[in-house]
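# Using only what follows, build the 3D model:
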Amino acid sequence: MLSTCGGLIRAAPDSWDVLIRPFDAALLDEIRESDFGLRLLQVCFPLYDKAEILRRLERYEAGELVEPAPADWTTVGR
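Here you go, the predicted structure:
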């Protein structure tokens, strides 16, 4: 099954797509020399993940930081 995200095609229905695009700051100032940087990060994810992502962002904004934990790799590749 293929799904789309901003015109991109995803092969795995539960996967997240991450798109990183460089940006040239000289586009905003014609006199400036090109200055590329990675300033745009687009992440596309299944709609059913939205509630959990918003919950985590709200906790982060409230200052409730969570220490990183080991990843659960038991379902990867299955």
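
# Only C-alpha atoms from now on, for both contacts and neighbour counts.
Will do.

# Going by secondary structure, the residue lying farthest from the centre of the chain is in what exactly?
Going by Cα atoms, centre = their mean, the residue of the chain most distant from its centre is residue 31, 32.1 Å out. Secondary structure assignment for residue 31, by DSSP states H and E: no helix or strand.

# Can you list the neighbours in contact with the host helix or strand of residue 57?
Element membership for residue 57 (DSSP H and E) is helix 50-61. Contacts to helix 50-61, defined as Cα atoms under 8 Å, 6 or more residues apart in numbering, come from residues residue 65.

# One more pass at 10 Å, please.
Here helix 50-61 makes contact (Cα atoms under 10 Å, 6 or more residues apart in numbering) with 45, 62-66.

# Please check these and keep the buried ones.
In terms of neighbour count (16 or more other Cα atoms under 10 Å), the buried residues within these are residue 45.

# re earlier: now do the same contact list for the residue farthest from the centre of the chain.
Under the criterion of Cα under 10 Å, 6+ apart, residue 31 has no neighbours.
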